[in-house]
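**Q** Turn this into a model:
(chains A and B)
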Amino acid sequence: MLYREAGQFKTSYAADMAIFPIRQDRIALLLLLAFAFVGIPLLAHFQLWPLGSDYMLRAILIPFLILALAAIGVNILVGYCGQISLGSGAFMAIGAYSAYKFGTGVHIPLEFIGSEIAIPPLPVLPSILLGGLMAAIVGILFGIPSLRIKGLYLAVATLAAQFFFDWVFLRVQWFTNYAPSGSVNAPDLVFFGYFVHSPIERYLLCLIFVTVFALIAKNLVRGNIGRQWMAIRDMDIAAELMGIRPLYAKLTAFAVSSFIVGVAGALWAFVYLGSWEPLAFSIDRSLQLLFMVIIGGLGSILGSFLGAAFILILPIMLDQVPHALGIPISVETVSLLVFVVTGSLICYLLIVEPHGFARLWAIAKEKLRLWPFPY
Amino acid sequence: MLVFGQFLEVLIGGLLAGVLYSLVALGFVLIFKASGVFNFAQGAMVLLAGLALVRSLDFLAARGVPTWAAILLALLFAAIVMAITAALIQKLVLGPLVNQSDLSLFMATIGITFVLEGAGQMLFGSDVYPLSLFPTDAWFILDSVFDGGILVNKLDVWGGLIAGALVAGLAIFFQRTKTGRALRAVADDHAAAESVGIPITWIWFVVWLVAGLVALVAATVWGTKLGVQFSIVFLALKALPVLIIGGFTSVPGAIVGGLIVGAGEKIAEVYLGQHIGGGIEYWFAYVLALAVLLVRPQGLFGERIIERI
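**A** Have a look, this model is predicted:
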């Protein structure tokens, strides 16, 4: 009864093209944002349920936001442009390590001309964005094969990026500033003179990034370029015949996707991990992101959030279940059990709803419009 | 002469190691050909087969069963485990997912990977289990030609022989038996095969079973080499560039691809690795595969990809 667009007339082109054309959607989104920006920090500040301790913010909400951002990036490439990528972890790593290098100062000696390139340490925000930019450039490079190879062949080809960069960040010590252990520490998170330190502040920082990029992504996929991506995804030859340049469309998809994934990687390293090793961005991370996108829904920004929430929270929940029920089993068995249950749930979800949570959400909305009538 | 001898040693070692990659890649090719499923779970199947084999072998040996009987019984047991796995995968996952996109099927096999890894280790334990079905010491050949001879690992030679026998066996199975011919028909065109009365679900079960048995064979060799342990699942990742180079749909391609990858990465590691830092084995195969793809998008032996609107 409440969710109905009857009587909401659109009198301008802008109103017709709004992201959320239905008023109830707009109100719901504003409420959600208000809760995320004001409600959660207040709850956390006064230590009220369910944010009684830092755990919820540190271990669930912050990683959720960052992985959702990365999932949006992957979704642009896989869901909107149809180019399967198994190298997202590598692009997160590129974002993270480039941001680290820019944050601590880049120094490239050019001995053969007796000179050097030296960039002084940059503030955090430009470092993170430059990290994304570096990821975008590498993304374009590794996107070039997509002009020639397609589908699962491309997926395996993107693994080349994954393994190559795993190796680069492990072996080329220039990237880690010659840290003997190979692990590096993020610089202090100072934004415009303000030191972001407590979990609440970190959470808000991630939230701002995610909100801004989600909005940008949503508008990109609705616009000219997004339509080009989708045309390429649906049938690239037909799209080409219609005058869409595959080179431009595919490479922009790689660039935009890698940029967002790179920024997410920099945030993951700086805000969530604090200090990290190349292992943090292994193939497992790539597969995890791909799962989020597929379980959430290919070609849906909302789906990226839902998928990220599901894939991130599922193992944490499963870990708690035997403990909560008081079943005495060893930690090792639990971790194996988590594997089995996660795997079967993924298969199950793929079988019951191949289009992911986003489709379930759309169905629910459709039902809600008619409620309480069946049709 | 010494330099050439060293090169030959690296080359032979690489080629034989490549055969072992081919053993894993073969399982992929069989399933991809017959059902169009890109089976990420092949590595996990190798792990499961290896665990079933080594644990039942230990169990039987501890009860005083003579070695030859224990090996036979353990192989049988592992084969039964793989058959059950194949039936379950076909019945519970791939059956309901018929006609879904390639990507969905691929992700489903990653889900299967998780289940197999978890369940296999829960049932059979998660330690490193040594397996010694084949001799692992080395031969020195051609001492007369080269100073000190060329070192060849006996296990790798066994691996090569087994791979050869396996390919011959598969070739006979595909060419001569009724089921094999039905398999080829399904690989050509699912709908057409079904319309002439080939039971397609049965065929898919058979394919997964054969892939499971190939995984078992791979497990005997790899288990002897590394011990049966969790890290065997990463073999699947090593087999992917082999597939790309050979082509997803070609059994000879899997063998040749394995040889190229094995020899290429050993040579690169020895001659290139020292200049740019070690460990390039880790990604060399992938970059090689990428280079091959840019020239031949369907791999060296793959069927030409024809696209229509």
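
**Q** for A:Asp16, what are its contacts?
**A** Contact analysis of A:Asp16 by C-beta atoms under 8 Å, 6 or more residues apart in numbering or on different chains lists A:Lys10. For glycine as for every other residue, the C-beta is placed from the backbone atoms N, C-alpha and C.

**Q** Would you map the strands across chain A?
**A** Remark: strands assigned in chain A by DSSP state E are A:106-110, A:115-119, A:184-185, A:190-191, A:194-195, A:275-276.

**Q** Show me what the fourth one pairs with in its sheet, parallel or antiparallel.
**A** In other words, strand A:190-191. strand A:194-195 (antiparallel) (DSSP bridges).

**Q** can you give me how far the partner strand is from the chain middle?
**A** Strand A:194-195 has its average C-alpha position 25 Å from the chain's average C-alpha position, going by C-alpha atoms, centre = their mean, to the nearest Å.

**Q** try stretch A:181-201
**A** On C-alpha atoms, centre = their mean, the centre of stretch A:181-201 falls 20 Å from that of its chain.

**Q** where are the low-confidence patches of the stretch 201-309 of chain B?
**A** B:277-278, B:309 (pLDDT under 70).

**Q** Repeat that for the stretch 51-200 of chain B.
**A** B:136, B:138-139, B:141-149.

**Q** Present the strands of chain A as JSON lines; the columns should include distance to A:Gly343 and mean neighbour count.
**A** Below are these laid out as JSON lines (distance: least, C-beta to C-beta, whole Å; neighbours: other C-beta atoms under 10 Å in any protein chain shown):
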{"stretch": "strand A:106-110", "distance to A:Gly343": "42", "mean neighbour count": "12"}
{"stretch": "strand A:115-119", "distance to A:Gly343": "45", "mean neighbour count": "10"}
{"stretch": "strand A:184-185", "distance to A:Gly343": "33", "mean neighbour count": "18"}
{"stretch": "strand A:190-191", "distance to A:Gly343": "40", "mean neighbour count": "14"}
{"stretch": "strand A:194-195", "distance to A:Gly343": "42", "mean neighbour count": "10"}
{"stretch": "strand A:275-276", "distance to A:Gly343": "27", "mean neighbour count": "17"}
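
**Q** In a markdown table, list those along with distance to B:Ile203.
**A** Output for the strands of chain A, formatted as a markdown table (distance: least, C-beta to C-beta, whole Å):
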| stretch | distance to B:Ile203 |
| --- | --- |
| strand A:106-110 | 58 |
| strand A:115-119 | 61 |
| strand A:184-185 | 53 |
| strand A:190-191 | 61 |
| strand A:194-195 | 64 |
| strand A:275-276 | 48 |
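
**Q** out of the ones you listed, which comes closest to A:Ala96?
**A** Across those, A:Ala96 has its closest neighbour in strand A:275-276 (6.9 Å, C-beta to C-beta).

**Q** Check which helices and strands the closest one sits against.
**A** With contacts taken as 3 or more C-beta pairs under 8 Å, 6 or more residues apart in numbering or on different chains; DSSP states H and E, strand A:275-276 sits against strand A:184-185.

**Q** what's the strand it packs on packed up against?
**A** Packed next to strand A:184-185, using 3+ C-beta pairs under 8 Å, 6+ apart, are strand A:275-276.

**Q** Swap in 6 Å and give it another go.
**A** Of the remaining helices and strands, none touches strand A:184-185 by 3 or more C-beta pairs under 6 Å, 6 or more residues apart in numbering or on different chains; DSSP states H and E.

**Q** That one pairs with which strands, and in what direction?
**A** In the sheet, strand A:184-185 lines up with strand A:275-276 (antiparallel) (DSSP bridges).

**Q** if we look at the strand it pairs with, which residues are touching it?
**A** Residues outside strand A:275-276 that contact it (C-beta atoms under 6 Å, 6 or more residues apart in numbering or on different chains): A:183, A:185, A:269.

**Q** Then stretch A:144-156?
**A** Contacts for stretch A:144-156 (C-beta under 6 Å, 6+ apart): A:83-84, A:86, A:157, A:250, B:38, B:102, B:240, B:244, B:293, B:297.

**Q** quick one: it to chain centroid distance?
**A** Its chain's C-alpha centre lies 22 Å from the corresponding centre of stretch A:144-156 when counted by C-alpha atoms, centre = their mean.

**Q** Which positions in that stretch come out as buried?
**A** Within stretch A:144-156, the residues scored as buried using 16 or more other C-beta atoms under 10 Å in any protein chain shown are A:145-146, A:149-156.
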